[in-house]
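Undergrad: output the structure for:
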Amino acid sequence: MSATPKILHLHSTFDPGGKELRTVRLINEWGKEVDHAIVSGDLEKRGAAAMLGKKAKVSWPKFPSLQGKPTPGRLAKLGKAMAGYNLICTYNWGAIDAVMAHTIFADTYKLPPLVHHEDGFNEDEATRLKKRRNWYRKIALGRTAALVVPSAKLEDIALNVWDQPRTRVRHIPNGIDTRAYAAPPKRDILPRLIKHKDEFWIGSLAGLRPVKQLEQLVRAMESLPAEWQLVIAGEGPERDRLLAEAEKIGVEDRVHLPGFVPQPQKLVGLFDIFALSSQSEQFPISVVEAMSAGLPVAAPRVGDIGSMVSSENGPFLVDAGDEKALAASLAKLAADPAGRKRIGQANRQKARDEFDERKMIERYRALYWGLMQKYPKKG
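TA: Reported below is the predicted structural model:
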């Protein structure tokens, strides 16, 4: 292996999201130990780059498009562009053609090992995986060194739907710096939005996308007392529709969309209840953040959420898509301050015991460094 290993990261976009922020966290942790090259398939969507630390060694190489028909010529260009690194990391369906190119052209271009990461699905596969994509994944993943998934559900899909061998699949739960969420938050952390002493906040950290079904949270506000506010931190194409829904039912003064918050540890502690309404999740970091801040969680029972939260929190999870049940969970928590505190304390303890980032970082280091030392870059 060269003195400073080189890792190539291939993302369809690099706007802030679970996989992007995890990538940033690992890059920042390793500092000058590694040269990282990041490709965003959409050059206009690289917002997560703002969170890269000063010590991170990152370049943004020109790279063939990750989108298009998987013709032999196009795949060959992708394969050739992956040469010269010690490790290739690909992420989700948006980079699957690069995975296929690696499987076909690894010998031709003497490519390094590839680790594919699957973190979940967009709207088009939120409720049912597409057969054609499953077939394509099976072939594309044929020569990957490892397939990393953060949730037990994705691990089951990898093994039993995509037919991946047990030796290839690595279940590495996402983690965060749980202690960073213990500090008391400032009430004026958000621009143009201050939490008043007589207010209570239902909060969410989510991209404003259809799969998140955030209109359910907006409509739930109609039946909650006037002192309750809804704060959804995130960006996305659904912003105008959510604001229109709030205005339609007369809660526009209690629904706030402050945009993406780069340091959620400074915000989440202002929430009194954390809420999700997603149609599809796997292992949402936002739930771990909420648990670390000592919050109760109202959410659909999707992905690993049911096993993530404490047993005390379990009764406030609902079936996916059951809007009435979700609203009822929020109402019950809103009316029970003692219960919120008890559940929040149990969640905080579980987050610290099971989901601290040190375990995650150690497992990624062991995987990446093990592969790079076994297959050093030549020349």
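
Undergrad: how far is stretch 338-357 from where the chain is centred?
TA: Distance, stretch centre to chain centre, for stretch 338-357: 20 Å (Cα atoms, centre = their mean, to the nearest Å).

Undergrad: buried residues in it?
TA: Buried residues in stretch 338-357, counting neighbours by 16 or more other Cβ atoms under 10 Å, are found at 340, 343-344, 346-348, 350-351, 355-357. C-betas here are computed from N, CA, C, even on glycine.

Undergrad: and the contacts of that stretch?
TA: 25, 173-179, 182, 272-273, 288, 290-297, 308-313, 316, 332-333 (Cβ atoms under 8 Å, 6 or more residues apart in numbering).

Undergrad: cutoff 7 Å now
TA: Taking contacts as Cβ atoms under 7 Å, 6 or more residues apart in numbering, the residues outside stretch 338-357 that touch it are 25, 173, 175-178, 272-273, 288, 291-292, 294-297, 309-310, 312-313, 333.

Undergrad: of those residues, just the buried ones, PyMOL syntax please.
TA: Applying 16+ other Cβ under 10 Å to the contacts of stretch 338-357 leaves a buried subset, and the PyMOL line that selects it is:
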select buried, resi 25+173+175+176+178+272+273+288+291+292+294+295+296+297+309+310+312+313+333
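
Undergrad: taking the buried residues of stretch 338-357 one by one, which sit in helices?
TA: With helices defined by DSSP state H, the entries of the buried residues of stretch 338-357 inside them are 340, 343-344, 346-348, 350-351, 357.

Undergrad: and these as JSON lines, adding pLDDT and distance to Pro264?
TA: Conversion of those to JSON lines gives the following (pLDDT from 0 to 100; distance: Cβ to Cβ, whole Å):
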{"residue": "Arg340", "pLDDT": "98", "distance to Pro264": "19"}
{"residue": "Ile343", "pLDDT": "98", "distance to Pro264": "20"}
{"residue": "Gly344", "pLDDT": "98", "distance to Pro264": "16"}
{"residue": "Ala346", "pLDDT": "98", "distance to Pro264": "21"}
{"residue": "Asn347", "pLDDT": "97", "distance to Pro264": "16"}
{"residue": "Arg348", "pLDDT": "97", "distance to Pro264": "15"}
{"residue": "Lys350", "pLDDT": "96", "distance to Pro264": "18"}
{"residue": "Ala351", "pLDDT": "95", "distance to Pro264": "14"}
{"residue": "Glu357", "pLDDT": "90", "distance to Pro264": "14"}
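
Undergrad: out of the residues you listed, who's nearest Lys130?
TA: Proximity of those to Lys130 (Cβ to Cβ) peaks at Glu357, which lies at 33.0 Å.

Undergrad: which residues of the stretch 1-150 of the chain fall in strands?
TA: Counting by DSSP state E, counting those that start in this stretch, the stretch 1-150 of the chain forms strands over residues 6-11, 35-40, 57-59, 87-91, 114-117, 146-149, given from the N-terminal end onward.

Undergrad: export these to TSV and tack on mean pLDDT?
TA: As requested, the strands of the stretch 1-150 of the chain are exported to TSV (pLDDT from 0 to 100):
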stretch	mean pLDDT
strand 6-11	97
strand 35-40	97
strand 57-59	96
strand 87-91	98
strand 114-117	98
strand 146-149	98
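
Undergrad: can you lay out those as CSV showing mean neighbour count and distance to His256?
TA: Supplementary listing: the strands of the stretch 1-150 of the chain in CSV, determined by neighbours: other Cβ atoms under 10 Å; distance: least, Cβ to Cβ, whole Å:
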stretch, mean neighbour count, distance to His256
strand 6-11, 24, 29
strand 35-40, 21, 29
strand 57-59, 14, 33
strand 87-91, 25, 31
strand 114-117, 24, 33
strand 146-149, 23, 34
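
Undergrad: distance to Gly47 for those strands - can I get that in CSV?
TA: Formatted as CSV, the strands of the stretch 1-150 of the chain follow (distance: least, Cβ to Cβ, whole Å):
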stretch, distance to Gly47
strand 6-11, 12
strand 35-40, 10
strand 57-59, 14
strand 87-91, 16
strand 114-117, 19
strand 146-149, 23
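
Undergrad: can you list the residues that contact the helix or strand containing Asp240?
TA: Taking DSSP states H and E as the definition, one finds Asp240 inside helix 239-248. Outside of helix 239-248, the residues within contact range by Cβ under 7 Å, 6+ apart are 208, 214-215, 218-219, 252, 255, 257.

Undergrad: mind doing that once more with 8 Å?
TA: For helix 239-248, with Cβ under 8 Å, 6+ apart as the criterion, the contacting residues are 208, 214-215, 218-219, 221, 232, 252, 254-255, 257.

Undergrad: try stretch 302-311
TA: Judged by Cβ under 8 Å, 6+ apart, the contacts made with stretch 302-311 from elsewhere in the structure are 120, 150-154, 173, 276, 278-284, 287-288, 291, 297, 299, 314, 317, 320, 343, 346-347, 349-350, 355.

Undergrad: quick one, helices of the chain?
TA: Using DSSP H, the helices assigned to the chain run over residues 18-30, 72-81, 96-105, 131-140, 152-160, 215-220, 239-248, 285-292, 305-308, 323-334, 337-354, 357-374.

Undergrad: tell me which of these lies nearest to Thr167.
TA: Distances from Thr167 to each of the helices of the chain were compared using Cβ to Cβ; the minimum, 10.9 Å, belongs to helix 152-160.

Undergrad: okay, buried residues for that closest one please.
TA: Buried residues in helix 152-160, counted by 16+ other Cβ under 10 Å: 152-155, 157-159.

Undergrad: same question for it, mean pLDDT?
TA: Per-residue pLDDT over helix 152-160 has a mean of 93.

Undergrad: how far out from the middle of the chain is it?
TA: Distance of helix 152-160 from its chain centroid, counting by Cα atoms, centre = their mean, is 17 Å.

Undergrad: and for stretch 238-257?
TA: Centre to centre, stretch against its chain (Cα atoms, centre = their mean), the figure for stretch 238-257 is 25 Å.

Undergrad: what do you get for stretch 4-19?
TA: Averaging C-alpha coordinates over stretch 4-19 and over its chain gives two centres that are 13 Å apart (Cα atoms, centre = their mean).
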